[in-house]
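Student: build me a model:
(one chain, ligands or ions: 2)
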Amino acid sequence: MQDIKSIKIFDTTLRDGEQSPGASMTIDEKLRIAFQLEKLNVDVIEAGFPIASEGDFEAVKRIAQTLKGPEISGLCRANDKDIDCAWNALKYAEERGRIHTFLATSDIHMKYKLKMSEQQVIDTAVAGVRRAAGYTANVEFSAEDAARTRLPFLAQVVEAVIDAGARVINIPDTVGYTIPSEFGAIIRYLKQHVRNIDGAILSVHCHNDLGLAVANSLAAVEAGAEQVECTINGIGERAGNCSLEEVVMALRTRHDILPFTTRVNTEHIYATSKLLSTVTGIMVQPNKAIVGANAFAHEAGIHQHGVMMEKTTYEIMTPESIGLTQNKLVLGKHSGRHAFNQRLDELGYSLNKEDMERAFVRFKALADQKKEIFDEDLDAIIADEIIRIPERYKLVQMNVSSGSFAAPTATVEMEIDGKLRKAALIGSGPVDATFRTIKKLTKSQAGLLSFTVGAITGGTDAQGECTVRLELDGREVLGQGAHPDIIVASAKAYINALNKLATVMKKKASAHF
Ligand code: KIV
Ligand code: ZN
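Tutor: Numbers count the residues shown, from 1 in each chain. Ligands and ions are numbered 1, 2, ... in the order given. Model (predicted):
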């Protein structure tokens, strides 16, 4: 009989994931994702980098105050100010609060970024861990760029920080450079050469620059790593991080040769993935493993025939195992509150009474315009109506005339800082006229990076779904809007992006590392 080891899942969607371009989230959005991660039953949620901004600090604090299940981690550099700030946000989670401090250990980072000698790096790391351990026993140390660090030096750093009180040692492949055989060998080397290695949990954190983050994490687990750091949908810096759903489902599906378990409730994977896409506007590609729209679709006739005879001919895991149910048509105009609440619950949204009522009113209005309401429509209602950010700008009403003869003209009325304003402009098309008018009313200097229009479901009565990406002073935001009229959906997306920008610009400038 093989020993079955439990692997801890450390989710960093709200920290490393949020470092993806355009993935900035408000505090309420982060809290919503954190609740869903709690449902998913991850072991640790990395809620943010408290010193980076006031928003990050508040988000970590609110999550530490509110969630009762998972451990809550906050990232900090190895200096007193960062560590004190992290603990001030984390202390509400008491012993579940984890200080995660880090320092780079590779030659290239020490020489060019830190300008420190090996001895200075060891001393700084040890001092940081000691300071953190003065607050809590729950201390994690990450050797940034570990995968490119000389192994004897990495072993020396790891041994010293465990002696100083680190209880979790994280080995990041910060730049996504390693390959599975090499990364497995690094973990084995540390197991063999670090005297006190049994005093800490060994963790890995892989980036996906070569598309190997999941493979590298699995190789590390086989070599003895006990914690995997990952993100929902694999979002994160550059090409992203190890994808939570892929690593968890690989361990579950290939349990025959990977004798490991996790505590993740896999039936909540799909809802979590959808919620993150809704909140950030970052959609997953259709062929993305596990959660892509085509991940369980069988197109070729020969495959469809096989699946009809016996599912396992072409299906290595069931859609139900990730919470993907087949009853996609959900509700219509006669559906009542009970059916509506139940479906939202199944989709992973836990709304309070007031939000539920607002969403229900919006659902009824849509059901009057559109015969069939699909899950995707419900996602759009939640994104539009509930996942709100402070609204400096509000659309009151609009009218657009266009066609093959008339000059496209938009008349828009908005409430701006509580005051009603109205303007009308022409443009090269109805969307251009609308955006120009909104820009005039709001006096926005933001540049438009991209604009997309799609239909949420099929049929000519489908809701239009628009996204608008704006940029101002190096900050990028993504706004979304949905409405059966695509010009109104475009205006809502533009205004949503302007509101996000207003919120983001209020936050204090971030610290960089
Ligand atoms: O990629 C990385 O090295 C990190 C660490 C700070 C853990 O995100
Ligand atoms: Zn990282």
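
Student: flag every buried residue along stretch 124-139.
Tutor: 124-126, 128-133, 135-136, 138-139 (16 or more other CB atoms under 10 Å). For every residue, glycine as well, the C-beta is placed using N, CA and C.

Student: mean confidence for that stretch?
Tutor: Across stretch 124-139, the average pLDDT comes to 98.

Student: got the residues of the stretch 51-200 of the chain near ligand 1?
Tutor: 102, 142, 144, 170, 172, 174 (CB under 6 Å from any ligand atom).

Student: hmm, back to that, and the furthest pair within the buried residues of stretch 124-139?
Tutor: Thr124 and Asn138 (20.6 Å; CB to CB).

Student: could you chop this structure up by domain?
Tutor: Segmentation of the chain into domains, based on automatic domain parsing, reads 5-280, 327-387, 393-504.

Student: would you mind measuring from the closest residue to Val264 other than its chain neighbours to Asp11?
Tutor: The shortest distance from Val264 to any non-neighbouring residue, by CB to CB, 6 or more residues apart in numbering, is to Val248 (4.9 Å). Using CB to CB, to the nearest Å, we find Val248 at a distance of 10 Å from Asp11.

Student: hmm, back to that, ok, and the most crowded of the residues of the stretch 51-200 of the chain next to ligand 1?
Tutor: Counting neighbours by other CB atoms under 10 Å, Ser142 leads those with 26 neighbours.

Student: okay, and the beta partners of that residue?
Tutor: Phe102, Asn170 (DSSP bridges).

Student: low-confidence ranges, the chain, go.
Tutor: 1-2, 298-305, 326-330, 387-388, 456-458, 506-513 (pLDDT under 70).

Student: next secondary structure after the host helix or strand of the residue nearest to Val264?
Tutor: Using DSSP states H and E, Val248 sits in helix 244-253. Downstream of helix 244-253, the next assigned helix or strand under DSSP H and E is strand 260-261.

Student: what strands line up against that next one, and which way round?
Tutor: strand 5-6 (parallel).

Student: downstream neighbour of the partner strand in the secondary structure list?
Tutor: strand 8-11.

Student: for ligand 1, tell me whether that next one is touching it.
Tutor: No: Strand 8-11 is not in contact with ligand 1 by CB under 6 Å from any ligand atom; minimum separation 9.9 Å.

Student: sheet partners, orientation included, of that strand?
Tutor: Partners of strand 8-11 in its sheet, by DSSP bridges: strand 44-48 (parallel), strand 227-230 (parallel).

Student: residues in contact with the first one?
Tutor: Counting by CB atoms under 8 Å, 6 or more residues apart in numbering, strand 44-48 makes contact with 8-12, 14-16, 18, 30, 34, 37-38, 56-57, 59-60, 63-64, 67, 70-75, 89, 98, 100, 227, 229, all of which sit outside it.

Student: hey, where'd the helices end up in the stretch 101-250 of the chain?
Tutor: 107-109, 118-133, 151-164, 180-193, 213-223, 244-253 (DSSP state H, counting those that start in this stretch).

Student: which parts of the stretch 351-500 of the chain are strands?
Tutor: Listed in chain order, the strands of the stretch 351-500 of the chain (DSSP state E, counting those that start in this stretch) span 373-374, 393-401, 409-416, 419-426, 447-455, 464-472, 475-483.

Student: so which of these is nearest Ile83?
Tutor: strand 475-483 (27.3 Å).

Student: now the closest one against strand 393-401, angle please.
Tutor: Counting by axes from the mean of the first three to the mean of the last three CA atoms, to 10 degrees, strand 475-483 lies at 60 degrees to strand 393-401.

Student: buried residues, strand 475-483. List them.
Tutor: 475-483.

Student: what does stretch 484-497 give?
Tutor: Neighbour count says stretch 484-497 has 484, 486-497 buried, by 16+ other CB under 10 Å.

Student: ok, back up a step: can you redo the residues of the stretch 51-200 of the chain next to ligand 1 as a markdown table with distance to Gly403?
Tutor: Converted to a markdown table, these look like this (distance: CB to CB, whole Å):
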| residue | distance to Gly403 |
| --- | --- |
| Phe102 | 59 |
| Ser142 | 59 |
| Glu144 | 58 |
| Asn170 | 60 |
| Pro172 | 57 |
| Thr174 | 55 |
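
Student: check those and tell me the two furthest apart.
Tutor: The largest separation in those, counting by CB to CB, is between Asn170 and Thr174 at 10.6 Å.

Student: hey, what's in contact with both of those two?
Tutor: Joint contacts of Asn170 and Thr174 (CB under 8 Å, 6+ apart) are 146, 205.

Student: re earlier: which residue of Val248 and Asp11 possesses the greater neighbour count?
Tutor: Asp11 (29 against 25).

Student: tell me the spacing between that one and Glu94.
Tutor: 20 Å.

Student: next: Val477.
Tutor: 35 Å.

Student: I'd say Val264 and Val42 touch.
Tutor: Yes: in this structure Val264 lies within contact range of Val42 using CB atoms under 8 Å: 6.4 Å.

Student: which neighbours do those two have in common?
Tutor: Taking CB under 8 Å, 6+ apart as the criterion, Val264 and Val42 both touch 9, 244.

Student: residue numbers of the stretch 201-350 of the chain in contact with ligand 1?
Tutor: Counting by CB under 6 Å from any ligand atom, the residues of the stretch 201-350 of the chain that sit close to ligand 1 are 205, 207.

Student: in the stretch 201-350 of the chain, what residue is nearest ligand 1?
Tutor: Residue nearest to ligand 1 within the stretch 201-350 of the chain: His205 (5.0 Å; CB to the nearest ligand atom).

Student: need the contact list for that residue.
Tutor: By CB under 8 Å, 6+ apart, the neighbours of His205 are 12, 16, 142, 170-174, 229, 241-242.

Student: ok, Ala295 next?
Tutor: By CB under 8 Å, 6+ apart, the neighbours of Ala295 are 287-289.

Student: name the member of those with the most neighbours.
Tutor: Lys288 (18 neighbours).

Student: so that one, which state does it fall into?
Tutor: coil (DSSP: H, G, I helix; E, B strand; the rest coil).

Student: can you tell me the SS state at the residue nearest to it when sequence neighbours are not counted?
Tutor: Counting by CB to CB, 6+ apart, Lys288 lies nearest to Ala295, which is 6.8 Å off, once chain neighbours are set aside. Following three-state DSSP, the label given to Ala295 is coil.

Student: so how far is Ala383 from Gln463?
Tutor: 11 Å.

Student: mutual contacts of the two, please.
Tutor: Ala482.

Student: can you pick out the residue with more neighbours from the two?
Tutor: Taking other CB under 10 Å, Gln463 and Ala383 do not tie; Gln463 has more neighbours (26 against 20).

Student: got the contact list for that one?
Tutor: Gln463 touches 366, 370, 377, 380, 455-457, 482-484, 489, counting by CB under 8 Å, 6+ apart.

Student: tell me how many other residues crowd Val405.
Tutor: Not quite, residue 405 is Phe, not Val. 5.

Student: check Gly240 too.
Tutor: So Gly240, with other CB under 10 Å, has 23 neighbours.

Student: phi, psi for it please.
Tutor: Torsion angles at Gly240 (phi, psi; degrees, to the nearest 10) stand at phi 100, psi -170.

Student: so the residue nearest to Ala383 when sequence neighbours are not counted is in which element?
Tutor: Nearest in space to Ala383, with sequence neighbours left out and distances taken as CB to CB, 6+ apart, is Thr278 at 4.6 Å. Secondary structure assignment for Thr278, by DSSP H and E: helix 269-280.
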